[in-house]
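Chemist: need a 3D model of the sequence below.
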Amino acid sequence: MASPSTDLPGRVLIGLLSTVFPPKLVDEVIEEAGAREQRRRLLPSRLMVYFCLACWLYMNQGYDGVLRTLVDGLRDTAAGWGQWKVPFTASISKARDRLGPEVMRLLFGRVAGPVGSPDTAGVFWRGLRLVAVDGTTLDVPDSAGNIETFGRPSNTAGGGAYPQVRLVAVAECGTRAVLDAAFGPYRTAEQTLTRDLLVSLKPAMLLLADRNFLGWQLWREAAATGAELLWRARASFNLPVRRVLADGTYLSELRPARRRDGDPIPVRVIEYSIVTDDGTSELFCLLTTLLDPATAPAAELAGLYAQRWELETALKEIKVSQRGSSVVLRSHHPDGVRQEIWAMLCVYQALRDLITQAADQAGIDPDRISFKSALDAARRSAGSAISPPADQTGL
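Modeler: Numbering: from 1, shown residues only. Below you'll find the predicted structure:
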């Protein structure tokens with residue numbers, strides 16, 4: 001008998017690509033992006049969307065291998081494939097270029113968002129949906145275009161091995177579903193990218209963030225969305241004590257770098273220490289918009305901050321399980337990189353949605369379903385019910 005962490009309920013064992021991304025939805029975003037092919041092709045836009053998604057299920061295969069795996073077996077089970085053969089890799093690359101990145105960006109926008117319900121474990125705290133923001137980097141091929149557009153890390157020993165893209169995402173803590181994401185050149189600050197994600201914050205959310213994100217300007221903009229905030233501060237952050245509260249927390253304020261930029265912002269500060277396995281103690285200093293200890297107990301908030309690690313786990317799932325450890329993206333030009341990253345996020349979101357559905361169906365915590373198990377199930381069923389080219393082009 002399989003263990004609870006890998007025993008995947010049957011709902012995930014369905015055609016991931018055609019279920020979460022049905023042909024009607026794919027056609028809608030193709031039209032919206034203006035990416036519909038102008039003449040009949042063996043690799044029409046709809047098929048290329050599914051191909052771009054499938055690349056993130058089979059990162060260890062070449063283009064022809066991914067496409068062959070995607071449609072393999074359908075000739076005997078689905079009408080319309082006829083004598084269709086997998087084109088050469090060069091033709092597949094050109095078809096990817098024709099599709100462009102906008103289709104995948106729009107497709108991600110259609111599927112992104114919270115997926116947990118009030119009954120899903122870890123999704124809500126006192127009526128607030130727990131979400132977190134965090135960032136990472138992705139290696140891209142060492143080409144002139146990628147270097148010029150994205151840049152590369154450097155240190156005293158010289159430049160990094162590959163150019164890198166910096167990615168920041170907001171995710172639902174209980175399910176690790178992605179609400180929104182933004183990415184740009186390696187040297188783009190995480191705070192800068194986060195500003196593009198604030199539109200996805202809503203009232204009745206509690207946003208968790210690490211100390212890299214704290215600043216007067218970003219705090220003000222994030223709080224203006226109506227979401228509550230719980231962010232860590234650096235040890236060197238200046239937080240004057242304005243009033244000590246009954247639970248030992250205290251009221252303070254965030255100040256702008258220049259007085260003319262705006263007024264100080266009232267915050268509540270929670271300080272506590274955690275003893276690590278080696279016996280050392282680490283001080284945590286959390287700032288929150290929740291100023292009343294009676295409705296937001298300090299001990300509960302301190303415990304909630306650990307939920308921020310759910311997003312770090314999500315980013316690790318993407319970079320290790322889904323992409324593959326130390327694997328570099330495929331595209332040698334910036335638009336291809338953008339297309340790949342949006343497709344990556346689409347597939348990850350689809351897996352998280354299906355995992356949550358399966359967990360709700362089984363009445364268990366989504367954390368108990370192995371992401372790798374879900375990924376393997378998606379690979380086994382990726383080609384299910386994908387329409388053949390003849391259905392799309394009239395061939």
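
Chemist: center of this protein - which residue?
Modeler: The geometric centre of the chain, computed from its C-alpha atoms, lies nearest to Val178 (CA atoms, centre = their mean), at 4.4 Å.

Chemist: wait, that residue sits on Leu197?
Modeler: No - counting by CB atoms under 8 Å, Leu197 is not a contact partner of Val178; they are 10.2 Å apart. Yep, even glycine has a C-beta here, placed from its N, CA and C like the rest.

Chemist: tell me the strands beside the helix or strand that contains Tyr272, with direction?
Modeler: Element membership of Tyr272 [criterion: DSSP states H and E] is strand 265-275. The strands beside strand 265-275 in its sheet (DSSP bridges) come out as strand 250-254 (antiparallel), strand 281-288 (antiparallel).

Chemist: which of those has the lowest average pLDDT?
Modeler: Note on the strands paired with strand 265-275: strand 281-288 shows the lowest mean pLDDT, a mean of 91.

Chemist: show me the helices in the stretch 51-200 of the chain, by range?
Modeler: 63-71, 74-77, 89-99, 102-111, 144-150, 190-195 (DSSP state H, counting those that start in this stretch).

Chemist: tell me who's in contact with Met205.
Modeler: Counting by CB atoms under 8 Å, 6 or more residues apart in numbering, Met205 makes contact with 128-131, 227-228.

Chemist: next: Ala343.
Modeler: By CB under 8 Å, 6+ apart, the contact list for Ala343 reads 52-53, 55-56, 104.

Chemist: ok so, going back, now the strand holding Tyr272: how far from the chain's centre is it?
Modeler: Mean C-alpha position of strand 265-275 versus that of the full chain (CA atoms, centre = their mean, to the nearest Å) differs by 28 Å.

Chemist: before we move on, what about stretch 60-73?
Modeler: With CA atoms, centre = their mean, you get 25 Å for stretch 60-73.

Chemist: CA-only coordinates of it in PDB, if you can.
Modeler: Output of stretch 60-73 as PDB, limited to C-alpha atoms (Å, rounded to 0.1, in the frame of the first residue of the first chain):
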ATOM      1  CA  ASN A  60      14.800  15.900 -20.500                       C
ATOM      2  CA  GLN A  61      13.600  15.400 -24.100                       C
ATOM      3  CA  GLY A  62      14.300  17.300 -27.300                       C
ATOM      4  CA  TYR A  63      11.600  19.100 -29.200                       C
ATOM      5  CA  ASP A  64      10.800  16.200 -31.500                       C
ATOM      6  CA  GLY A  65      10.700  13.800 -28.500                       C
ATOM      7  CA  VAL A  66       8.300  16.100 -26.600                       C
ATOM      8  CA  LEU A  67       6.000  16.400 -29.600                       C
ATOM      9  CA  ARG A  68       6.100  12.700 -30.300                       C
ATOM     10  CA  THR A  69       5.300  11.900 -26.600                       C
ATOM     11  CA  LEU A  70       2.500  14.300 -26.700                       C
ATOM     12  CA  VAL A  71       0.700  12.700 -29.600                       C
ATOM     13  CA  ASP A  72       1.900   9.200 -29.300                       C
ATOM     14  CA  GLY A  73      -0.800   6.600 -29.300                       C
END
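
Chemist: rounded mean pLDDT for it, please.
Modeler: On average, stretch 60-73 scores 81.

Chemist: from Pro297, how far off is Tyr272?
Modeler: Per CB to CB, to the nearest Å, Tyr272 is found 12 Å from Pro297.

Chemist: go on, Ile355?
Modeler: Distance of Ile355 to Pro297, given as CB to CB: 31 Å.

Chemist: so between the two, which is more surrounded?
Modeler: Higher neighbour count among Ile355 and Pro297: Ile355, with 28 against 16, using other CB atoms under 10 Å.

Chemist: rewinding a little: want to throw the strands paired with strand 265-275 into a markdown table with mean neighbour count and distance to Glu148?
Modeler: As requested, the strands paired with strand 265-275 are exported to a markdown table (neighbours: other CB atoms under 10 Å; distance: least, CB to CB, whole Å):
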| stretch | mean neighbour count | distance to Glu148 |
| --- | --- | --- |
| strand 250-254 | 18 | 37 |
| strand 281-288 | 16 | 39 |
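
Chemist: tell me how far Ala35 lies from Val20.
Modeler: Per CB to CB, Ala35 is found 20 Å from Val20.

Chemist: an error on my part: the question was meant for Leu197.
Modeler: For Leu197, the distance to Val20 (CB to CB) stands at 22 Å.

Chemist: number of residues surrounding the closest residue to Val327 other than its chain neighbours?
Modeler: Nearest residue to Val327, sequence neighbours excluded (CB to CB, 6 or more residues apart in numbering): Met59, at 5.8 Å. The number of residues packed near Met59 is 14, by other CB under 10 Å.
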